[in-house]
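Asker: below are the sequence and a predicted model for it; my questions follow.
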Amino acid sequence: MTLTSRDEEFSAFVRTRRSELLRSACLLTAGDPHLAEDLVQTALAKLYVAWPRVRRDGTQVHYAWRILANAHIDEVRRPRWARERPVAAPPDRPDPAGPPDRMALDAFPDGIDGAAVRAALAALPAGMRAAVVLRHWADFSTQDAARILGCTEGTVKSQTAKGLARLRDLLDSPAETVR
Amino acid sequence: MNDLKNLLERALADGRGPVRDADADPSGDLARGKRLLLRRTRYRMLASSAAAAVAAAIAVPIALSGSPAQAGLVAYTGAQPPGYVVKEIPAGWVIQGTNAYALTIAPASDADQNPDSYLGKLVVMQGEFSTADAAADGWVATTAAGRTAYYNHGQPSGDGTVTAGFVIEQAPGRWLTVQAPASLAWTEAQYKEFALGVTILATAKPSQG
């Protein structure tokens, strides 16, 4: 196969970034390696199509993450759609006060194994999990995470803070998370 | 106590998560990306069926009158591209590039030298073709050297260009597809002559996957 400059640049990107994208996707999926691989393949194929534009803008990494995160949220929402139930309280809204999204990170107890962490991640709504992974695994800024998820910075802060609090609750009482 | 990053790392570290690979093989992702790009290009070509009749009415007079852009076929004397054997190409055009999924031919002076960009170029690929939808999509049935073929005078794309096409059955369910700018102003006979002069070798892959 004759490689064009686009192919070579894209290949170099895949060589250096694919592994971390796949590991991140595995966190987004709460430990489903097959779905994670599907998501990464989808994201990279779309990235190749968009390569001239995103390369010009220097947004290759953000674009790949945006597809990855949104594809996962779409994937999770699809089977749950039929199971939606009316609730008394409205869903989470961005906190206008903008609560801090980095809080008490050293408050997780020792001795937690990988299965417990995956179970706790699985208990988070997909968007909340994505916010946590983007901010605390991939180290994106609040602004970048908001761009990737297509929401406001306030939403990212709110979702991250609530996600951390929920993780802490779940991991403080592992019997609840490992069923 | 743990920070969150260490906890998340733990979720990947007990054999359930993928291992770090400092040098991942890009070939699979590259192939999938190329297939997606080709599918989108072909979709753009086929998507405007509703306007096909109007496009045909415009394109045929252009073809009959002869356009300044018209380029007759001449024997191809250069090195044969990997995966294909080409007998003739338009005069003044060159084989710009090839990969496992497509052969791209463009004017020698074309400013766009990217063989993965197909706008205004002659592109040969192989893949599926729905004969059931052909008429509705503006394709006209014909034959070439006794083989089933379809010709499309031209369909406008969203970007204002008009793309013509010719498909010829190579084997049951397997079609050689020629996509060209309508501005090339080829007649149906010229499309047949060009298509019959192209052989796709076994190393080329279908463009729809």
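Answerer: Perfect, thanks for sending it. Residues are numbered from 1 along each chain as shown, chains lettered A, B, ... in the order given.
Asker: can you get me a residue count around residue 111?
Answerer: Because you didn't say which chain, this covers chain A. 8 (other CB atoms under 10 Å in any protein chain shown). Placement of C-beta: from N, CA and C, glycine included.
Asker: right idea, wrong chain: chain B
Answerer: So B:A111, with other CB under 10 Å, has 7 neighbours.
Asker: read off the pLDDT value for whichever residue of chain B sits closest to chain A.
Answerer: Residue of chain B nearest chain A, by CB to the nearest CB: B:G33 (2.5 Å). pLDDT recorded at B:G33 is 89.
Asker: could you do A:R85 as well?
Answerer: On the pLDDT scale, A:R85 gets 39.
Asker: same thing with A:R135?
Answerer: Predicted confidence (pLDDT) for A:R135: 93.
Asker: what pLDDT does the closest residue to it other than its chain neighbours get?
Answerer: Distance criterion CB to CB, 6 or more residues apart in numbering or on different chains; nearest residue to A:R135, sequence neighbours excluded, is A:T160 at 5.0 Å. What the model reports as pLDDT for A:T160 is 93.
Asker: next, the buried residues of stretch A:167-174.
Answerer: Neighbour-count burial for stretch A:167-174 flags A:167-168, A:170-171, A:174 (criterion: 16 or more other CB atoms under 10 Å in any protein chain shown).
Asker: quick one on the thing from earlier: name the SS class of the residue nearest to A:R135, please.
Answerer: helix (DSSP: H, G, I helix; E, B strand; the rest coil).
Asker: what's near enough to touch the residue in chain A that chain B sits nearest to?
Answerer: Per CB to the nearest CB, A:Y48 is where chain A lies closest to chain B, at 2.5 Å. Counting by CB atoms under 8 Å, 6 or more residues apart in numbering or on different chains, A:Y48 touches A:6, A:10, B:29-30, B:32-34, B:36-37.
Asker: and the helix or strand hosting it, what's buried?
Answerer: Assessed by DSSP states H and E, A:Y48 sits inside helix A:33-57. The neighbour-count check on helix A:33-57 (16+ other CB under 10 Å) flags A:33, A:35-36, A:38-51, A:54-55 as buried.
Asker: and after it, which helix or strand comes next?
Answerer: Using DSSP H and E, the first helix or strand after helix A:33-57 is helix A:60-80.
Asker: report all helices and strands that that next one contacts.
Answerer: Counting by 3 or more CB pairs under 8 Å, 6 or more residues apart in numbering or on different chains; DSSP states H and E, the packing neighbours recorded for helix A:60-80 are helix A:5-28, helix A:33-57, helix A:126-136, helix A:142-149.
Asker: who's in contact with it?
Answerer: Taking CB under 8 Å, 6+ apart as the rule, helix A:60-80 contacts A:13, A:17, A:21, A:24-25, A:28-29, A:35, A:39-40, A:42-44, A:46-47, A:50-51, A:54, A:126-127, A:130, A:134, A:138, A:140, A:144, A:147-150.
Asker: looking at the contacts of A:Y48, which one is closest to B:V86?
Answerer: B:K34 (20.1 Å; CB to CB).
Asker: quick one, what contacts that closest one?
Answerer: B:K34 touches A:48, B:99-101, B:116, counting by CB under 8 Å, 6+ apart.
Asker: over to the residue nearest the centre of chain B: give its phi and psi.
Answerer: The centroid of chain B falls nearest to B:V123 when counting by CA atoms, centre = their mean (4.5 Å). The phi and psi values for B:V123, taken as degrees, to the nearest 10, are phi -130, psi 130.
Asker: my guess is it contacts B:L176. True?
Answerer: No - using CB atoms under 8 Å, B:V123 is not in contact with B:L176; the gap is 11.3 Å.
Asker: which SSE is B:Q190 in?
Answerer: Residue-wise, B:Q190 maps onto helix B:188-196 under DSSP H and E.
Asker: in that helix, which residues are buried?
Answerer: Under the neighbour-count criterion of 16+ other CB under 10 Å, helix B:188-196 has B:188, B:190-196 buried.
Asker: contact partners of it?
Answerer: Residues contacting helix B:188-196 (CB under 8 Å, 6+ apart): B:72-73, B:88-89, B:122, B:142, B:144-145, B:149, B:151, B:164, B:166, B:168, B:176, B:178, B:180, B:186.
Asker: for the residue most central in space within chain A, which non-adjacent residue is closest in space?
Answerer: Central residue of chain A (CA atoms, centre = their mean): A:A130, 2.7 Å from the mean position. Nearest residue to A:A130, sequence neighbours excluded (CB to CB, 6+ apart): A:A69, at 4.7 Å.
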